[in-house]
Structures are given as C-alpha cells and as structure tokens.
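Engineer: Build the 3D model from these lines:
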Amino acid sequence: MKFDADIVIAGTGPAGLLAALALAQAGLSAILVGPRVNTGDRRTTALMKPSLDFLDGLGVLDAVKEGSAPLRVMRIADATSRLLRSPVVSFRAAEIGEEYFGLNIPNRNMLPALDAAVKANDGIRIETSIVAHWQPLEDGIQAELENGKIITAKLAVAADGRLSPAREAAGISVRTASTGQSALVLDFAHTRPHDDTSTEFHTEHGPFTVVPLPGMRSSLVWVSRPHRAEELKALPDAELSRLIEERMQSMLGRVEVSPGRQVYPLNVTLPARFAANRIALVGEAAHVFPPIGAQGLNLGIRDVEGLVKMARRYPADPGAPTALSYYDRLRRPDIIARSSAVDLLNRSLMADALPVQFVRTAGLNLLGAVPPLRNFFMREGLRTGAGIMSLFRERGPVARFRSE
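Structural biologist: Just a heads-up that it's a prediction; the model follows:
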C-alpha cells in the first residue's frame, strides 16, 4: 500500500500540534488535519517542569513561554463551611530543589507559537480541513477530508478532543459522566503581589483556583454548578470583581476582572483502550477530568512522549497491532492513576458524608505536618516515579527525616 505519510494527526489543539512536531522531529512524515488554530482561547495552562523540558527539546519553549509566570508555591486552602476543615497546605518548589514547579502560560500565546513551529517544519504537511470519515485498513488507515482529499497513513493520532470522531472510528468505547459542574475562566488585575503563588480554594461545589500571571495579574478557574457559572459570567464587572475578592478573602487586594469570560462544562471521560485499529489517542481524546492539580495538558504531553517511544520502537509500522498494544500498556497506568486521583478529590469536595470529610482532612493534615510525605507527593506530582525513586536515595527525604 502506498502511503501519503507515516502518520496523520487529527486536531489542531496543543496536543495535536505537539504530536505533529514531536513525530516529525523523530523522523516520521506527518500530516496535520484540523481547523485553523484557535487564538481566542482565554484559558491558561500550567505546564510543569518535565513538560517544559519536553518543549525545550522540541525547540519551542522560548516562544511558548512568552507572557508566562512561574509557579514557585502551590497552596491548597479549605474554603468550605463544613464541620471538618483542612488546614492550609503549601507546597514550595524550593523544598525539593527546584526553582519553580512550572509556568502558567496563556493559551492565546502558546497556541500561535506552536502553530508557527509546525508551519516552519518541512516534515509536516498541513491540511486546513476536518476528517469527514475514517476507514481503518489492515495495513494502514484512510482519512477522507471535508475538502474532498483522501489521505492514507500507517497510523492516525486522535487529538480531536473529548468527543473524538477518530476514537469512535477506532471502535473504542468510553465511559463518560458529567460532574454536574462548569468552570468560569477569566483573568483579573489585583493590587497586592501574588508572589508566584497559585492557590486552590476547595469549596463545596468544586475548586476556585487562582494562578499567577506576569505582574499584578492572575488567571482564575472558578468551578461551580452550571447555572451558577452562567450567572457569574453574566454579572457586571464590578459585582463579579467584588465576589472574587470576597472569595479570596482579599488575599490579593482589590480585584478588577478583565474582558473575555468563558464557561466550560466539566465531565470525566475515560476510554476502554488508548489505541486500536490503527488509531492512537492523545490529549482529551484519551482523558478528560476536572481542572485540579494542573494535570490536563501535562498528561497529554506524556501521551505524545509515549507516541514517540512507540514510533521509535516500531519504526517499520507504528500502527501495527503490536505497536498499539505497546502504547496502550505504556500509557494506561499513568492515565488511570491521574484521572482517578483528580476525580476522587473532586468528588470528595462535594461529598457531605463525615467519613469522606475526615479522610480528606486527615490526608491534608499529614501533608502539611510531615515534610518527607509532602516532598514525596511534590516529586511524584512533577514526574511519575520520582517520588518513589527519592525514597531510595541516600540523601532523599526519608534519610533526611530520619537524621533529624
């Protein structure tokens, strides 16, 4: 069979753009199919150090991080009114020898930078269209585009979002559940410095997360019931600014919201498999969960890293069943562990049962009171397995704790 490219990637969000760049730099020919890149996304993305290292390896970090702010401290604060409340827990990058955990990057800066890098790469052909029909074949896959073109490749990468037509074409079933929440996303100015600190206030309806931007500005993800999120979005600037300031207990002084509010419904989606029938899933085609703990795109970047590993291991046919089985085994533990942890924490915020409140409060108390445990979770949060490895180092947190 004659192929137009080794790999066809569906989707021009960050996961699709990064997959195209990484696979092209690994020596594979790639075709990227999707609409024009969205430059109006008001959200920001917190990318952790390993993800930044990956972007640096692709040669795009300097362009992507324009307008970003470092995350040196990540703080969890219990803003519920329940009987059992947790203490404020602060995670400091300096405790584990890092300058910062990551960078908070505006999507409206990141996406155009990635788009420019893709357009500058001779190994990537761009089709500004949408796949109308997928046809998995025995030795390849065929994509019929809405513009009438037909593309054949050895492997398709589904980076086409949470409703992923490519995933459906692969015959991969999904388990999807609404969380009964929506996220209001906006930026705001404030009169007190944020000190490069991200604060996640836990409320009965979900997290209220403030993440630093350059200067005296921050981004906000306010999770609440869907009707409440729409009500908040419709408020006059002065009223919404006052509510945000009250919710933060004036932590950042006087607040003034910026134009451009957006509301996104939240759900949890987990596929039964992460690859099948010549199609591999990345990004939101592979996992969707609430915005807690800065996991989303960081997990998607690890999907892309997994794709590159798989393609290098099976260079002759990266879409073969053995290759896809390898990718599924490679990504399954990480995706399930991270998705389950975020979903469990989100559910615990909304649970009224005292036993659930007790477990959550006790866990956060331990994290705040026991430095080795806190350091373990910080390392594990940055790099899967890093926390466990630190336990076996002579000068790791356990050794220091025992010597004190």
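Engineer: Residue 203: neighbour count?
Structural biologist: Counted with other Cβ atoms under 10 Å, residues neighbouring residue 203 total 18. Where you see a C-beta, it was placed from the backbone N, CA and C, and this is true even at glycine.
Engineer: Bridge partners for it, pull those for me.
Structural biologist: Judged by DSSP bridges, the bridge partners of residue 203 are residue 206.
Engineer: quick one, domains of this protein?
Structural biologist: 5-40+106-175+266-346, 67-105+181-265, 370-403 (automatic domain parsing).
Engineer: Need the distance between the two termini of the first one.
Structural biologist: By that I understand domain 5-40+106-175+266-346. Domain 5-40+106-175+266-346 has its terminal residues 42 Å apart, counting by Cα to Cα, to the nearest Å.
Engineer: avg pLDDT for it?
Structural biologist: The pLDDT scores in domain 5-40+106-175+266-346 average 94.
Engineer: re the thing from before, any chance of the domains of the chain in JSON lines, plus distance to residue 58?
Structural biologist: Converted to JSON lines, the domains of the chain look like this (distance: least, Cβ to Cβ, whole Å):
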{"stretch": "domain 5-40+106-175+266-346", "distance to residue 58": "5"}
{"stretch": "domain 67-105+181-265", "distance to residue 58": "15"}
{"stretch": "domain 370-403", "distance to residue 58": "18"}
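Engineer: Surely residue 70 is in contact with residue 196?
Structural biologist: Yes - contact criterion Cβ atoms under 8 Å: residue 70 and residue 196 qualify, at 5.0 Å.
Engineer: ranges for the helices of the stretch 151-300 of the chain?
Structural biologist: Secondary structure of the stretch 151-300 of the chain by DSSP state H, counting those that start in this stretch: the helices cover 165-169, 226-234, 237-247, 296-313.
Engineer: between the ones you listed, which one is nearest to residue 185?
Structural biologist: helix 226-234 (9.5 Å; Cβ to Cβ).
Engineer: Check the offset of that closest one from the chain's centre.
Structural biologist: Remark: helix 226-234 is offset 24 Å from the chain centroid, using Cα atoms, centre = their mean, to the nearest Å.
Engineer: Kindly report the same for stretch 208-227.
Structural biologist: That offset, for stretch 208-227, works out to 16 Å (Cα atoms, centre = their mean).
Engineer: got it, and stretch 35-55?
Structural biologist: On Cα atoms, centre = their mean, the centre of stretch 35-55 falls 9 Å from that of its chain.
Engineer: got it, and stretch 23-30?
Structural biologist: Using Cα atoms, centre = their mean, the offset of stretch 23-30 from its chain centre is 23 Å.
Engineer: Show the pLDDT at residue 396.
Structural biologist: 49.
Engineer: Nearest the middle, which residue of this structure would you pick?
Structural biologist: Residue closest to the average C-alpha location in the chain (Cα atoms, centre = their mean): residue 296, at 1.6 Å.
Engineer: residues in contact with that residue?
Structural biologist: 45, 284, 289 (Cβ atoms under 8 Å, 6 or more residues apart in numbering).
Engineer: Leaving out chain neighbours, which residue sits closest to the last one?
Structural biologist: Spelled out, that is residue 289. Closest residue in space to residue 289, ignoring its immediate chain neighbours: residue 342 at 4.6 Å, by Cβ to Cβ, 6 or more residues apart in numbering.
Engineer: Next, the buried residues of the helix or strand harbouring the one you found.
Structural biologist: Assigning secondary structure by DSSP states H and E places residue 342 in helix 321-350. Neighbour counts using 16 or more other Cβ atoms under 10 Å place 323-324, 326-328, 330-331, 334-335, 338-339, 342-343, 345-346, 348-350 of helix 321-350 among the buried residues.
Engineer: How many neighbouring residues does residue 193 have?
Structural biologist: Per other Cβ under 10 Å, the neighbour tally for residue 193 reads 12.
Engineer: Which residue ranges of the stretch 101-250 of the chain form strands?
Structural biologist: In the stretch 101-250 of the chain, the strands defined using DSSP state E, counting those that start in this stretch lie at 102-106, 124-128, 131-136, 141-145, 150-158, 174-190, 197-203, 206-213, 217-224.
Engineer: Mind listing the residues bridging to the nearest residue to residue 324 once chain neighbours are set aside?
Structural biologist: Leaving aside its sequence neighbours, residue 324 sits nearest to residue 275 (Cβ to Cβ, 6+ apart; 3.8 Å). With DSSP bridges as the criterion, residue 275 is bridged to residue 280.
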